[in-house]
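Peer 1: Give me the fold of what follows.
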Amino acid sequence: MKKYTLTVACPSTRGIVATVAGFLAEHGCNITDSSQFDDTETGKFFMRVSFVSEEGVGLEDLREGLAEPAKPFAMDYAIHDESEKMKVVIMVSRFGHCLNDLLYRWRIGALPIEIVAVISNH
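Peer 2: All right, here's what the predicted structure looks like:
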């Protein structure tokens with residue numbers, strides 16, 4: 001089974017979570033983790049959903065299929081294959097303890113990322 005992550009950003013309104021969950025269920029996907037945040041100051045809604053495609057629906061089919069349900073919400077979304085490592089830049093301040101922790105987690109495989117640069121202001 002393929003594992004994917006969906007990220008969503010759009011104006012906050014009712015029905016977003018239900019639409020996303022319904023879409024995934026209709027396409028043979030099972031949600032394994034979900035978190036969302038409503039920013040009351042900006043009126044924006046953010047969501048991150050991890051799921052598995054139990055019926056083998058591919059990444060492109062999921063991306064294209066979500067386009068229509070996303071329209072009424074003016075939804076910006078992205079679906080990523082969890083097996084592909086995301087390229088990241090780490091930005092750090094003067095103190096190195098956070099960088100050390102991130103590098104340790106990356107080295108042991110807890111962070112499935114490809115570090116392309118580290119930028120510091122000191």
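Peer 1: Flag the shaky bits of this structure, pLDDT-wise.
Peer 2: Applying pLDDT under 70 to the chain picks out no residues at all.
Peer 1: Break down it into its helices, ranges please.
Peer 2: 16-26, 59-70, 97-107 (DSSP state H).
Peer 1: The last one: which residues count as buried?
Peer 2: Neighbour counts using 16 or more other Cβ atoms under 10 Å place 102, 106 of helix 97-107 among the buried residues. All C-beta spots, glycine's among them, are computed from the backbone N, C-alpha and C.
Peer 1: next one: the first one
Peer 2: Within helix 16-26, the residues that count as buried by 16+ other Cβ under 10 Å are 16, 19-20, 23-24.
Peer 1: Alpha carbons of it, in PDB - could you do that?
Peer 2: Provided in PDB are the C-alpha atoms of helix 16-26 (Å, rounded to 0.1, in the frame of the first residue of the first chain):
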ATOM      1  CA  ILE A  16     -13.600  21.100   4.600                       C
ATOM      2  CA  VAL A  17     -12.800  18.100   6.800                       C
ATOM      3  CA  ALA A  18     -15.900  16.200   5.700                       C
ATOM      4  CA  THR A  19     -15.100  16.800   2.100                       C
ATOM      5  CA  VAL A  20     -11.500  15.700   2.400                       C
ATOM      6  CA  ALA A  21     -12.400  12.600   4.400                       C
ATOM      7  CA  GLY A  22     -15.300  11.700   2.000                       C
ATOM      8  CA  PHE A  23     -13.000  12.100  -1.000                       C
ATOM      9  CA  LEU A  24     -10.400   9.800   0.400                       C
ATOM     10  CA  ALA A  25     -12.900   7.200   1.500                       C
ATOM     11  CA  GLU A  26     -14.500   7.200  -2.000                       C
END
